[in-house]
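A.B. asks: got a predicted structure plus its sequence, pasted below:
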Amino acid sequence: MATFMDVHHGMSGITAEQLEAAHRADLAVQQSEGVHFKQAWADPASGTVWCLSEAPSAEAVQRVHERAGHKPDEIHSVPFSV
């Protein structure tokens, strides 16, 4: 499985509770696409949210987020990490 970082813009003022609810929505449907969302971060001031996942493809990540109600603006492959 590949690793992906996706980015959501326009979420100014997002709270920890809202981020957790969005993450739970992803977790509820992730299995149908073979995706595993690992973690999410948010910056309420800039309105940016980042999600780290393992998935068979960027398209699978996109489909999960769309079904959960929050389409990402960007999805980046993460070929390696340290």
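C.D. replies: That came through, no problem.

A.B. asks: remind me what the longest helix that the chain contains packs against, helices and strands.
C.D. replies: The longest helix of the chain (DSSP state H) is helix 16-29. Judged by 3 or more C-beta pairs under 8 Å, 6 or more residues apart in numbering; DSSP states H and E, helix 16-29 is in contact with strand 36-43, strand 48-55, helix 58-68. The C-beta positions use only the backbone N, C-alpha and C, and glycine is treated the same way.

A.B. asks: winner for burial among these?
C.D. replies: strand 48-55 (a mean of 20; mean count of other C-beta atoms under 10 Å).

A.B. asks: quick one: the residue lying closest to residue 50 once chain neighbours are set aside and residue 32, what's the gap?
C.D. replies: Distances taken as C-beta to C-beta, 6 or more residues apart in numbering put residue 41 closest to residue 50, at 4.8 Å, once the chain neighbours are dropped. Distance of residue 41 to residue 32, computed by C-beta to C-beta, to the nearest Å: 24 Å.

A.B. asks: what's the burial count for the nearest residue to residue 72 once chain neighbours are set aside?
C.D. replies: Leaving out its chain neighbours, the residue that sits closest to residue 72 by C-beta to C-beta, 6+ apart is residue 6, at 3.9 Å. The number of residues packed around residue 6, counting by other C-beta atoms under 10 Å, is 24.

A.B. asks: please consider this matter closed, and thank you.
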